[in-house]
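[1] Whatever this is, show me its structure:
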Amino acid sequence: MAYKVVITDSAERELKRLPAKMQDRIFEKIENLAEEPKPPGHKKLKNYTLRGIDADDYFRIRVGDYRVIYSIENEQITIFILKIAHRKDVY
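    Predicted coordinates for the structure are as follows:
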């Protein structure tokens, strides 16, 4: 069963600030999460919290020099894209 992918408003704003080619690459990876929420190369983040967002576990995928931070809600069958940023700014 495919997961529903929800991009938060803040993550969408971050995505729109990027060059068009990078937006396309990131969006493709995000779409792939619907079928495979924990793709090869994903990483569970330890001791990571985002202000105002309550999630038990955070994960990240790499897309070039950018990182996509997300959480998986198995009960809702939903993936929440929480943050998209350059690797030097994301943690």
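
[2] so where is the chain shaky, pLDDT-wise?
    By pLDDT under 70, the low-scoring segments of the chain are 49-56, 91.

[3] which helix is the longest one in it?
    helix 20-33 (DSSP state H).

[4] neighbouring contacts of that one?
    3, 5, 7, 15-16, 18, 39, 61, 63-64, 66, 68, 70, 79, 81, 84 (C-beta atoms under 8 Å, 6 or more residues apart in numbering). The C-beta positions use only the backbone N, C-alpha and C, and glycine is treated the same way.

[5] List phi and psi for the nearest residue to M1 once chain neighbours are set aside.
    Nearest non-adjacent residue to M1, counting by C-beta to C-beta, 6 or more residues apart in numbering: I77, 6.4 Å away. When read as degrees, to the nearest 10, the backbone of I77 gives phi 50, psi 50.

[6] tally of neighbours for I77?
    13 (other C-beta atoms under 10 Å).

[7] now the strands: where do they sit in this structure?
    Ranges of strands within the chain are 4-7, 43-45, 58-63, 66-73, 78-86, based on DSSP state E.
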